[in-house]
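K.L.:
Give me a model of this one.
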Amino acid sequence: MNRLLPLLMFGLLFAFTACEQKEERNIPRVESADQADAALQSRLEREAFISQAQNEIDTLDARVTEIRKKAMEATGAARAKLTQHISELEQKHKNVEEKLAGLRMEIDEKWKEMKVEVTAAIEQFRKAVNKEY
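P.N.:
I've put the predicted structure just below:
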């Protein structure tokens, strides 16, 4: 029994040390209140941008629905032209959604770089939707 006591003590010490180190790694470190405020502000800006972008996409989708109805009512060459236009709109919509999904996944400052891409994709989608046929 006396021989097992040092092994038992060593095992407990090792387990305690391992648990203590694990806890330290999971604690987020904030160096200052200013950094915490900046991080919060960045998250709020990101969420506001995502909401605004999604609203814009929803508005453009409603317009695409109108164009689909117009295509269903059209005949001949006009219908073919509108059908082609709808196909292009669907591709642009897919591109916007992919970029927005990527932006949603970003939690650090990289989202601001992606914001430019999302804004450009929405602008391309908007121009395509507003193109007259």
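
K.L.:
Please name the nearest non-neighbouring residue to the residue nearest the centre of the chain.
P.N.:
With distances taken as Cα atoms, centre = their mean, Arg104 lies nearest the centre of the chain, 1.6 Å away. Leaving aside its chain neighbours, Arg104 sits nearest to Ile50 (6.2 Å; criterion: Cβ to Cβ, 6 or more residues apart in numbering). No exception for glycine: its C-beta is placed from N, CA and C like everyone else's.

K.L.:
Check the contact between the one you found and Leu100; I expect there is one.
P.N.:
Yes. If you go by Cβ atoms under 8 Å, Ile50 and Leu100 touch, sitting 7.0 Å apart.

K.L.:
out of the two, which sits in the busier spot?
P.N.:
More crowded of Ile50 and Leu100, by other Cβ atoms under 10 Å: Leu100, with 19 against 16.

K.L.:
Contact partners for the more buried one?
P.N.:
For Leu100, the contacting residues are 50, 53-54, 57, 118, by Cβ atoms under 8 Å, 6 or more residues apart in numbering.

K.L.:
What subset of those is buried?
P.N.:
For the contacts of Leu100, a burial check counting by 16 or more other Cβ atoms under 10 Å picks out 50, 53, 57, 118.

K.L.:
Would you tell me what helix or strand the last one is located in?
P.N.:
The secondary structure element spanning Val118 is helix 110-130 (assigned by DSSP states H and E).

K.L.:
what's that helix packed up against?
P.N.:
helix 33-73, helix 76-105 (3 or more Cβ pairs under 8 Å, 6 or more residues apart in numbering; DSSP states H and E).

K.L.:
For Ile107, grab phi and psi.
P.N.:
In terms of degrees, to the nearest 10, the main-chain angles of Ile107 are phi -120, psi -10.

K.L.:
Please read off the pLDDT at it from the model.
P.N.:
Per-residue confidence (pLDDT) for Ile107: 75.
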